[in-house]
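Novice: Could you look at this predicted model? Sequence included:
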Amino acid sequence: MTAKYDTDKPIYLQIIERIRREIVRGDLKLGDKLPSVREMAIISEVNPNTIQRTYSEMERMEIVETKRGQGTFVTENQEILVQLKKDVESKLVESFVQNMREIGATETDMVASVQKFLLKGESKND
């Protein structure tokens, strides 16, 4: 598997975003242990220093906690998870709005597009 990274954004930030999405989706649960720096470097196909920077930044953001001799764990602070979810949702909406504006869509167009998409999805689930 070859990791794909955007050249316009630092790799460590892209890895942080991936881990944040995994936490919000529930793939990583509160208190889960993350792979070691070396293991994550292999998985992510990056230098271990990049992962060390990733983990350090996530610890600064209080998303993870490092326990000496045990490893790095997803925080057990529920409030952080709630805020993380809000942040991820906000970034997704912001990206959608920016993309729609680039093609000249109005707010009305955006709302109509979302409603149409959701209705289409509901009919698939019937």
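Specialist: Alright, I've got the coordinates.
Novice: List the buried residues of stretch 47-61.
Specialist: 50-51, 53-55, 57-58 (16 or more other CB atoms under 10 Å). Every residue, glycine included, has its C-beta placed from N, CA and C.
Novice: An error on my part: the question was meant for stretch 81-94.
Specialist: Here stretch 81-94 shows 81, 84, 88 as buried, counting by 16+ other CB under 10 Å.
Novice: what separates it from the chain centre, distance-wise?
Specialist: Once both centres are worked out by CA atoms, centre = their mean, to the nearest Å, stretch 81-94 turns out to sit 9 Å from its chain's centre.
Novice: Stretch 100-115 too?
Specialist: With CA atoms, centre = their mean, you get 24 Å for stretch 100-115.
Novice: Stretch 16-27 now?
Specialist: Put simply, stretch 16-27 sits 4 Å off its chain's centre (CA atoms, centre = their mean).
Novice: hmm, back to that, need the buried residues of stretch 47-61 in CSV with pLDDT, distance to Met100 and secondary structure, can you?
Specialist: As requested, the buried residues of stretch 47-61 are arranged in CSV below (pLDDT from 0 to 100; distance: CB to CB, whole Å; DSSP: H, G, I helix; E, B strand; the rest coil):
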residue, pLDDT, distance to Met100, secondary structure
Thr50, 97, 33, helix
Ile51, 98, 35, helix
Arg53, 98, 34, helix
Thr54, 98, 31, helix
Tyr55, 98, 35, helix
Glu57, 98, 30, helix
Met58, 97, 31, helix
